[in-house]
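A.B. asks: Could you look at this predicted model? Sequence included:
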Amino acid sequence: MRLKILILTNLFPTPWDPLRGAFNRQQFQRLGQHHDIDVLTAVDFRERLRGVRGEVSVEGLRTDHFTFFYPPRFGRSLHAMTWLVSLWLQRGRRLRAAGYDCILVSWAYPDAAATGWLARRLRIPYVVKVHGSDLNVQASYPLRRRQIRSALRGAGAVVAVSRALAEKAVAIGAAPDRVHVIYNGVDSDRFAPGSRSEARTRLGLSSEEPLLLYVGNLKSSKGCLDLLEAFPALLAEQPQARLIYVGAGPCRDALLERAAALACSDRISLAGAVAHAALGDWFRAADLLCLPSHNEGVPNVILEAMACGIPVVATRVGGIPEVVPDYAGLLVPPQDPAALSAALVEAVAREWDSSRIAAHASGFRWDDNVARLSGILQTAVHPPRVGSAA
């Protein structure tokens, strides 16, 4: 049965951040092949003030946005309320008239906390999708944790991107029988093994030097600064090694300053933000993907790098250990530059079986992901009758 679904999230491309939430864009676009979907994205008012940075059009989806207003620097426990008020004042009339079958909300706080109230007002079920720091960080604050607990308990289902996150949802208060683990998928048309030398030529990179790649937001919680601290130990062993950061964020200047202090500026490159469709060559050009995050769900860049046959050095947090077997990478404790240094040296020196790594990653399929998610949404809308046969 084809459903009419409202998706609420802050993790989706908008004209103010066209590269945001590529994993959600991929999933929602495929889900739109089976259901009628409106995606309504919350845009931080401060982001809107910085101006439009591009156009967004996603085939098969109706997309819109609303501006999320809130008091900055304090009152984070009030953000779910201000999120809901922002949404209702700007789009409430349209939401009342739309006749949705259900809501899929992607992010626990403030998005899901507010959606629980909205769904009750619209008298429709909702499903919560959780990603990582929305539970691992936000739920560590008591007032926010209570709101997240209420949202998870009221949901028809909770979808987690890893077993670790599913366990966290249950610990917070979600009903175990309503929590489902669905790993993200990989676009096999874009992310597949290929010639390293050809990829480097297209990117204008040297064909000889060992290349370490970081892909993600330049935020301290993603471990980008930890990686820089660990890099000189590799340079002592491999003086021609290069570390390239692909992404943008608040740590950019700090990275440049610290690289100068460590006397390795000439071996560091900041490539800036790159469109998701262009990441394949960056992975194929690399010897190694490095992602030393402090907390995570399951980062899609790890799955995509492995799909290109590239080994991974990452931290043992969240769902990362669930998707990176020993033959595909090395895992270290978070915020431990010494352990990270040793892993980088070992990983660059090791012979990796790229074909085996890529074969492992081929098991993460968007078609499987969307089929399961669609079934969960159907069940939320049409739950089995009590006492009916299984």
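C.D. replies: Sure, I can see it.
A.B. asks: Outside of stretch 234-243 itself, list whatever touches it.
C.D. replies: Where contact means CB atoms under 8 Å, 6 or more residues apart in numbering, the residues beyond stretch 234-243 that reach it are 205-206, 208-214, 227-228, 231, 264, 267-269, 290, 341, 344-345, 348-349. Placement of C-beta: from N, CA and C, glycine included.
A.B. asks: 7 Å - rerun?
C.D. replies: 208-212, 231, 264, 267-269, 341, 344-345, 348 (CB atoms under 7 Å, 6 or more residues apart in numbering).
A.B. asks: Report the two of those separated the most.
C.D. replies: Maximum pairwise distance among the contacts of stretch 234-243 (CB to CB): 22.5 Å, between E208 and S341.
A.B. asks: circling back to that earlier point, let's see if you can find the most crowded of the contacts of stretch 234-243.
C.D. replies: In terms of neighbours by other CB atoms under 10 Å, the contacts of stretch 234-243 top out with L344 at 28 neighbours.
A.B. asks: quick one: that residue and L288, what's the gap?
C.D. replies: 7 Å (CB to CB, to the nearest Å).
A.B. asks: what residues are shared contacts of these two?
C.D. replies: Common neighbours of L344 and L288 (criterion: CB under 7 Å, 6+ apart): 212, 313.
A.B. asks: residues near V161, how many?
C.D. replies: The tally of other residues near V161 (other CB under 10 Å) stands at 26.
A.B. asks: Longest helix in the chain, by number of residues?
C.D. replies: Longest helix of the chain, by residue count under DSSP state H: helix 79-98.
A.B. asks: Check which helices and strands that one sits against.
C.D. replies: On a contact count with 3 or more CB pairs under 7 Å, 6 or more residues apart in numbering; DSSP states H and E, helix 79-98 meets strand 62-68, helix 113-122.
A.B. asks: can we see that at 8 Å?
C.D. replies: The contact analysis (3 or more CB pairs under 8 Å, 6 or more residues apart in numbering; DSSP states H and E) places helix 79-98 against strand 4-9, strand 36-44, strand 62-68, helix 113-122.
A.B. asks: now those in a markdown table, with distance to A166, mean pLDDT and mean neighbour count?
C.D. replies: Output for these, formatted as a markdown table (distance: least, CB to CB, whole Å; pLDDT from 0 to 100; neighbours: other CB atoms under 10 Å):
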| stretch | distance to A166 | mean pLDDT | mean neighbour count |
| --- | --- | --- | --- |
| strand 4-9 | 19 | 98 | 23 |
| strand 36-44 | 24 | 98 | 21 |
| strand 62-68 | 27 | 97 | 17 |
| helix 113-122 | 19 | 97 | 21 |
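A.B. asks: quick one: which of these is nearest R372?
C.D. replies: Among the helices and strands packed on helix 79-98, the nearest to R372 by CB to CB is strand 4-9 (15.1 Å).
A.B. asks: from the chain's centre, how far out does the next helix or strand after the closest one sit?
C.D. replies: Sequence-wise, the next helix or strand downstream of strand 4-9 (DSSP states H and E) is helix 22-31. Computed by CA atoms, centre = their mean, to the nearest Å, the chain-centroid distance of helix 22-31 equals 12 Å.
A.B. asks: now stretch 75-85
C.D. replies: The answer for stretch 75-85 is 23 Å, by CA atoms, centre = their mean.
A.B. asks: And the contacts of that stretch?
C.D. replies: By CB under 8 Å, 6+ apart, the residues outside stretch 75-85 that reach it are 42, 68-71, 109-111, 113-114, 117-118, 141, 143-144, 147.
A.B. asks: Of these, which pair is most distant in space?
C.D. replies: Maximum pairwise distance among those (CB to CB): 22.0 Å, between L118 and Y141.
A.B. asks: Report the central residue of the chain.
C.D. replies: Residue closest to the average C-alpha location in the chain (CA atoms, centre = their mean): P299, at 5.3 Å.
A.B. asks: Dig out what the closest residue to it other than its chain neighbours forms beta bridges with.
C.D. replies: Computed as CB to CB, 6 or more residues apart in numbering, the closest residue to P299 that is not its neighbour in sequence is L291, at 6.0 Å. In this entry, L291 is beta-bridged to A314, by DSSP bridges.
A.B. asks: burial count for L291?
C.D. replies: 23.
A.B. asks: before we move on, what about the one 3 residues further on?
C.D. replies: Using other CB under 10 Å, the number of residues around H294 comes to 18.
A.B. asks: Against G216, how distant is it?
C.D. replies: Taking CB to CB, one finds H294 at 12 Å from G216.
A.B. asks: Quickly list what's touching both of these two.
C.D. replies: With contacts taken as CB under 8 Å, 6+ apart, the residues that reach both H294 and G216 are K222.
A.B. asks: Which parts of the stretch 201-350 of the chain are helices?
C.D. replies: 224-237, 252-261, 279-285, 300-307, 320-323, 337-349 (DSSP state H, counting those that start in this stretch).
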